[in-house]
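In: with the input below, show me the fold.
(2 chains)
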Amino acid sequence: MNRITPELDRLMWALAEQNNPRAFDEFEAKYPHLVGELGSRIAMVRGLRGEGHAISAPAPIPSFRPTDSASRTSRNPLVLGGIFALAGLAFGSFYATRLLASPAPEAPTHTVISYVPPVPPVTAPKEPVPQQNAPDAVPTAEHPDPAIQDVPAYLKPRSVKLEKTSLVSAIKLIAGSGDMQVEIAPGMPNPDVKLVYDNMSAVDILNDLGRQYAFTVFDEGNKRLLIVPVPDDSGTGPKAADPTAKAAEPGKQAFSATPHPSAR
Amino acid sequence: MVSAIIEKPKQLAFDEDIKLVERFLAGDQDAFEGLYRKYYEKVFVIARGILMDADEAADAVQEIFTLVCRHLGRFDRRSRFSTWLFRVAVNRSIQEARRRKGRARNVELTEAAAAPAPEPADDTDPRVQAAMARLAPADRALLVLFYWDELSLNEIGESIGCNVNAAKTRLYRARERFRKLYEEEGQ
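Out: Below is the predicted model of the structure:
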């Protein structure tokens, strides 16, 4: 069987649709083996056209009567329900993704910051004290020393216990507990930390953290601190220090307090 | 010059349609009646060819003109009113044919067997009817616009929302599918 080329195919359709006897004769002379094929196409086109011509519109033309069904959209209740269900799914999926993708809250899982009752300085006795009198020398929380009670919040000794907390959050918490505002410079590392400090002031804790995590605490005055992620090269400990440095504080020497052995 | 003369009647019809549209939009209800009467037969042929049923086609024509009446304000006048109307007619008829096909699936076989077979007209080819009935409604629409309503490829393109080349390609494919079915009916 001869394969009909696209050009011949187009030519035969054109001949079938034009119904030109002369063109048909020429085609027959040139492609006698395709006469049957052309004939079937002519019959098909004639049949198609005849079908169209046989259709007659109602006569006389009925008067125009607007229908209510035309206003009926293709959105039947099932489709509408599907649209709402899809929208609900998309909404739910969006919120679920947002919830899962959002970073864990920075709040520590376990935070304890408590003030330690102030301990007044104990003067060494010139004479040995009998063992049984020792407990009486230790002050209790019920009888705090009024002088130490006046110490600013950032110098008050406190116990701090933080777990699974980011460093920045810890700094902010500790500074906040000392009634200080803290500003952290860009580039500050922010690893998770676990801290346990006993009986240390907020300033001492921050300075000790600075030594551990290579940052320096600068005092900007007015109880404002600036944390810069650069280690303190002076070797003498923190540059920071007293947030109210302009006014001499009696407890200033506490700034250079060494970290508690339990600090990690 | 020759083409200008040939195009003139179409241009006149185009202008007349636009005038009727403007009058209707200005509140003249008779103007719409004029459009309805002028295009009823063409729209009926489209609906009849796609739906393959005269009664359903008559109902569809009323729906089509109702839609046109309600949304005539959306007609942007960049195309002819006739092709915009045919586009509505084709889309609505295809939509109705698909809906009917969905309904037909639910009809029990016993009912279908009991239904009388449609009687073909005397001067029509039953093979054409059978092949047309097996075609997809979108293919039927193309053949109807070209062979029954005798629209040009350009008009068909505007009526089905594509350019003239796409219309030509789609028509060719629809005709090939029809031919295959037509030949199957002859065996």
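
In: so the nearest residue in space to B:S159 that is not next to it in sequence: helix, strand or coil?
Out: Counting by Cβ to Cβ, 6 or more residues apart in numbering or on different chains, B:F86 is the residue found nearest to B:S159 once chain neighbours are left out, at 4.0 Å. The C-beta positions use only the backbone N, C-alpha and C, and glycine is treated the same way. Here B:F86 is recorded as helix under DSSP: H, G, I helix; E, B strand; the rest coil.

In: pLDDT weak spots in chain B?
Out: Within chain B, the segments meeting pLDDT under 70 span B:1-14, B:102-123.

In: rerun at 90
Out: Filtered on pLDDT under 90, chain B yields the residue ranges B:1-16, B:27-30, B:73-80, B:98-127, B:129, B:161, B:183-187.

In: please name the residues that touch the residue in chain B positioned nearest to chain A.
Out: The nearest approach of chain B to chain A comes at B:W148, 3.0 Å away (Cβ to the nearest Cβ). Counting by Cβ atoms under 8 Å, 6 or more residues apart in numbering or on different chains, B:W148 touches A:L48, A:R49, A:E51, A:G52, A:H53, A:I55, B:V45, B:I46, B:G49.

In: apart from its neighbours in sequence, what residue is nearest it?
Out: With Cβ to Cβ, 6+ apart, the residue lying closest to B:W148 is A:G52, at 3.0 Å.

In: then A:Y197 would be within a strand, right?
Out: Yes: checked against three-state DSSP, A:Y197 lies within a strand.

In: got a pLDDT number for it?
Out: At A:Y197, the pLDDT value in this model is 88.

In: what residues sit buried inside stretch B:73-80?
Out: Residues of stretch B:73-80 classed as buried by neighbour count (16 or more other Cβ atoms under 10 Å in any protein chain shown): B:F75, B:R80.

In: hang on, the earlier thing: looking at the contacts of B:W148, which is nearest B:L20?
Out: Of all the contacts of B:W148, B:I46 has the smallest distance to B:L20: 19.9 Å, by Cβ to Cβ.

In: close to chain A, is the one helix or strand that closest one maps to?
Out: B:I46 belongs to helix B:29-51 when assigned by DSSP states H and E. Yes: shown here: helix B:29-51 in contact with chain A (Cβ under 8 Å from any Cβ of the partner chain) through B:F32, B:E33, B:Y36, B:R37, B:Y40, B:E41, B:F44, B:V45, B:R48, B:G49.

In: next, format those as TSV and append distance to B:E158 and neighbour count.
Out: Formatted as TSV, the residues of helix B:29-51 next to chain A follow (distance: Cβ to Cβ, whole Å; neighbours: other Cβ atoms under 10 Å in any protein chain shown):
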residue	distance to B:E158	neighbour count
B:F32	21	19
B:E33	25	15
B:Y36	20	21
B:R37	22	13
B:Y40	20	20
B:E41	19	17
B:F44	20	22
B:V45	17	23
B:R48	21	24
B:G49	18	25
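
In: may I see those arranged in JSON lines, with distance to A:P66 as well?
Out: Listed next are those as JSON lines, based on distance: Cβ to Cβ, whole Å:
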{"residue": "B:F32", "distance to A:P66": "10"}
{"residue": "B:E33", "distance to A:P66": "12"}
{"residue": "B:Y36", "distance to A:P66": "11"}
{"residue": "B:R37", "distance to A:P66": "15"}
{"residue": "B:Y40", "distance to A:P66": "14"}
{"residue": "B:E41", "distance to A:P66": "19"}
{"residue": "B:F44", "distance to A:P66": "17"}
{"residue": "B:V45", "distance to A:P66": "21"}
{"residue": "B:R48", "distance to A:P66": "21"}
{"residue": "B:G49", "distance to A:P66": "24"}
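
In: in chain B, which residue is most central in space?
Out: Centroid-nearest residue in chain B, with Cα atoms, centre = their mean: B:I46, separated by 2.5 Å.

In: I'd assumed B:R92 was in contact with that residue.
Out: No: between B:I46 and B:R92 there is no contact under Cβ atoms under 8 Å: 9.4 Å.

In: by mean pLDDT, which helix or strand of chain A comes out lowest?
Out: helix A:134-137 (a mean of 40; mean pLDDT, DSSP states H and E).

In: mind listing what B:Q62 touches?
Out: Counting by Cβ under 8 Å, 6+ apart, B:Q62 touches A:P62, A:F64, A:R65, A:P66, A:T67, A:A70.

In: kindly identify which of those also come near chain B.
Out: Restricting the contacts of B:Q62 to those near chain B - Cβ under 8 Å from any Cβ - leaves A:P62, A:F64, A:R65, A:P66, A:T67, A:A70.

In: burial of the residue in chain A that chain B sits nearest to, as a residue count?
Out: The nearest approach of chain A to chain B comes at A:G52, 3.0 Å away (Cβ to the nearest Cβ). Look at A:G52: counted by other Cβ atoms under 10 Å in any protein chain shown, it has 20 neighbours.

In: so it makes contact with B:F146?
Out: No: A:G52 is not in contact with B:F146 according to Cβ under 8 Å; the separation is 9.6 Å.

In: which residues do these two both contact?
Out: With contacts defined as Cβ under 8 Å, 6+ apart, no residue is shared by A:G52 and B:F146.

In: before we move on, the earlier item: before we move on, which element is the residue of chain A closest to chain B in?
Out: Following DSSP H and E, one finds A:G52 within helix A:35-54.

In: next: A:A59.
Out: Going by DSSP H and E, A:A59 is not in any helix or strand.

In: which is the next helix or strand following the helix holding B:I46?
Out: Per DSSP H and E, the first helix or strand lying C-terminal to helix B:29-51 is helix B:54-71.
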